[in-house]
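Asker: Dropping the sequence and predicted coords here.
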Amino acid sequence: MSKLKKYEFADTVTSNYAGEAAAGYISAALLSGTTLAENNITFLNNVKYKANLRKITIAGTAGNLMADATCDFTDSGTLTYAERVLQPRDFDVNMALCKQDYLSSWEGANMTAGLNGTLPTDFGNYIIAQTAARVSQEIEKSIWDGTDGDNGSFDGFRKLCLADGDVVDVAGAAALTAANIVSKLEDVMDAIPTAVFGKEDLRIFLPTSAWRFYIQSQATLGYGNIYNMNDDWKYTFNGIRIAHAPGLANDTMIAGRTSNMFFGSDGSSSEVRLLDMADKDGSDNIRVIMRFTAGVNYAFGSDMVLYAG
């Protein structure tokens, strides 16, 4: 009976990263999704427990803050203070993999010939990078459509908006199609508050399905060159930037300012560990461990618009 041989590693793949040392790996996991990679919301780092998103509203007593000058002091305004709280949740990734599973794929192109080929020292970085890529997809999903009652998720903007009476709801929301996407975008635009309309960082966020519908509608209208634009091209609708939000649920659109929408995490408490189990239990297994925090919120509900079809 033949005896299976262990794969000999040139160097151990065991690695430990914490705090700043883990920042690069955790950033790849948290910030590589479309929304954060394109800076479509604001990233708050080093949120230890929670971040208070303060809202200050100043209004004139008689409608206008300014008044005709007199010799007396006449109070002409009020200041209202409120705040929303961004409290990131704790998450971890625990994954075990077998080195042999990579013989015919990754290491097939990198190992020296023969069954006893040695694995390059950057194998650990490769595994962490692949894990981070998957985590970024799940973070993108949670940012928009997450629910903190679900394992490995946090409340996303859709749930937060649905629960907030200050958010502007678009009337007549229905399922989105290539035929109605333009008219429904007009409904969203019409619902945007005057104080927000025209701001440079205003975005209308579309799920992948609606994103496709919009591109199809533009082609139907004769704007065929939209398919051939380079990476510098920014999609707009009547002067408002539209942004692809892959994690957003179908038949949903959200309008808001990037400066009003926040993603928070605590980079100083993050951790990445890669454990080679060969010296511990004699196996060919590797364990990947990540620890991090993540969450989202917005400051001004009255500046948000929700289309929920």
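Answerer: Noted; the coordinates are in hand. Residues are numbered from 1 along each chain as shown.
Asker: Point me to the residue sitting closest to the centre of the chain.
Answerer: Residue closest to the average C-alpha location in the chain (Cα atoms, centre = their mean): residue 140, at 4.0 Å.
Asker: Does that residue fall in a helix, a strand, or a coil region?
Answerer: Under DSSP: H, G, I helix; E, B strand; the rest coil, residue 140 falls in the helix class.
Asker: these two touch, right, it and residue 37?
Answerer: No: at 9.2 Å, residue 140 and residue 37 do not qualify as touching, with contact defined as Cβ atoms under 8 Å. Placement of C-beta: from N, CA and C, glycine included.
Asker: and the residue nearest to the residue nearest to the centre of the chain when sequence neighbours are not counted, what does it touch?
Answerer: Residue nearest to residue 140 in three dimensions, not counting chain neighbours: residue 33, with 3.3 Å by Cβ to Cβ, 6 or more residues apart in numbering. Counting by Cβ atoms under 8 Å, 6 or more residues apart in numbering, residue 33 touches 136-137, 139-140, 143, 246-247.
Asker: Those into TSV, with extra columns for secondary structure and distance to residue 153?
Answerer: As requested, the contacts of residue 33 are exported to TSV (DSSP: H, G, I helix; E, B strand; the rest coil; distance: Cβ to Cβ, whole Å):
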residue	secondary structure	distance to residue 153
136	helix	14
137	helix	13
139	helix	10
140	helix	12
143	helix	10
246	coil	15
247	coil	11
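Asker: What subset of those residues is buried?
Answerer: Listed as buried from the contacts of residue 33 are 136, 139-140, 143, 246-247; burial here means 16 or more other Cβ atoms under 10 Å.
Asker: Next, the residue of the chain most remote from its centre: phi, psi?
Answerer: Farthest-out residue of the chain from its mean C-alpha position, per Cα atoms, centre = their mean: residue 71, at 54.0 Å. Note on residue 71: backbone dihedrals following degrees, to the nearest 10 are phi -80, psi -20.
Asker: And for residue 240?
Answerer: phi -100, psi 130.
Asker: Return the distance of it relative to residue 191.
Answerer: Distance, residue 240 to residue 191, by Cβ to Cβ, to the nearest Å: 12 Å.
Asker: so what sits against both of those two?
Answerer: residue 255.
Asker: So which residues of the stretch 101-250 of the chain form helices?
Answerer: 123-145, 157-162, 181-191, 208-220 (DSSP state H, counting those that start in this stretch).
Asker: Figure out which of those is closest to residue 298.
Answerer: Nearest of the helices of the stretch 101-250 of the chain to residue 298, taken as Cβ to Cβ: helix 157-162 at 6.9 Å.
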